[in-house]
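Enquirer: coordinates only, sequence not included:
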């Protein structure tokens with residue numbers, strides 16, 4: 001009981017800190033020209049982008065800065081206090097985003113172990129979103145990605161919950177596996193304590 005109270009107080013304090021730091025003006029001022037240039041150079045190297053001239057690189061950098069600001073603004077307007085993406089998110093920042101995300105989507109897990117498992121799934125999804133959006137900012141991709149209410153699910157769980165249609169007739173073992181996934185998800189998203197009696 002005391003552990004739950006401590007966890008609740010931690011969540012409330014993180015939410016309060018995020019609420020006070022979540023202003024667009026603060027976010028615009030935080031990324032320096034030096035930081036933006038460093039991120040641009042890092043991601044262009046990682047994606048193997050090369051430019052024929054300094055003018056072409058300057059144009060690409062101008063597009064990168066514009067797109068990065070759009071991504072940051074979209075992320076902020078969605079209600080998150082952290083940057084839209086970063087080269088290396090700290091554990092603290094990732095946890096803060098997870099806490100904000102859980103509150104936004106009314107996520108409650110049945111145990112600490114289960115929450116840690118879901119956090120690991122969320123972390124992978126966030127890393128994937130960060131990489132994709134960095135590719136968008138340097139012109140590799142044509143659009144951005146974001147995190148959704150399904151960001152704590154594996155692809156198999158997402159398919160079972162959201163896309164249950166299949167052209168092939170599933171085997172009895174596959175049907176049993178899907179039933180198990182659906183039951184575990186039902187217990188997570190609608191635990192017995194919330195069932196009406």
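Expert: All right, it came through fine. Treat the numbers as computed from the prediction; the structure is a model and nothing was measured.

Enquirer: now the most centrally placed residue in the chain: how far from residue 60?
Expert: The structure's the chain has its C-alpha centroid closest to residue 126; by CA atoms, centre = their mean the separation is 3.3 Å. Going from residue 126 to residue 60 by CB to CB, to the nearest Å gives 26 Å. C-beta here means a position set from N, CA and C on the backbone, and glycine is covered the same way.

Enquirer: that older thread, might you calculate how far whichever strand or helix holds the residue nearest to the centre of the chain sits from the centre of the chain?
Expert: Using DSSP states H and E, the element containing residue 126 is helix 112-137. Using CA atoms, centre = their mean, to the nearest Å, we find the averaged C-alpha position of helix 112-137 to lie 5 Å away from the chain's own average C-alpha position.

Enquirer: what packs against it?
Expert: Taking 3 or more CB pairs under 8 Å, 6 or more residues apart in numbering; DSSP states H and E as contact, the helices and strands that helix 112-137 lies on are helix 33-46, helix 54-78, helix 91-104.

Enquirer: Could you measure from the residue nearest to the centre of the chain over to residue 50?
Expert: 29 Å.

Enquirer: rewinding a little: deepest-packed of the helices and strands packed on helix 112-137, please.
Expert: Of all the helices and strands packed on helix 112-137, helix 91-104 carries the top mean neighbour count, a mean of 17, counting by mean count of other CB atoms under 10 Å.

Enquirer: any idea of the mean pLDDT in that one?
Expert: Per-residue pLDDT values across helix 91-104 average out to 88.

Enquirer: Give me the distance from it to the chain's centre.
Expert: Centroid separation for helix 91-104 versus its chain: 9 Å, with CA atoms, centre = their mean.

Enquirer: Next, the angle helix 112-137 makes with that helix.
Expert: Between helix 91-104 and helix 112-137, the angle comes out at 100 degrees (axes from the mean of the first three to the mean of the last three CA atoms, to 10 degrees).

Enquirer: Could you name the helices and strands sitting against helix 91-104?
Expert: In this structure, helix 91-104 makes packing contacts with helix 2-21, helix 112-137, judged by 3+ CB pairs under 8 Å, 6+ apart.

Enquirer: in the chain, which ranges drop under the pLDDT threshold?
Expert: Flagging of the chain using pLDDT under 70 yields the residue ranges 1-30, 75-76, 78-88, 164-168, 191-197.

Enquirer: now do 50
Expert: Counting by pLDDT under 50, the chain has low-confidence residues at 5-29.
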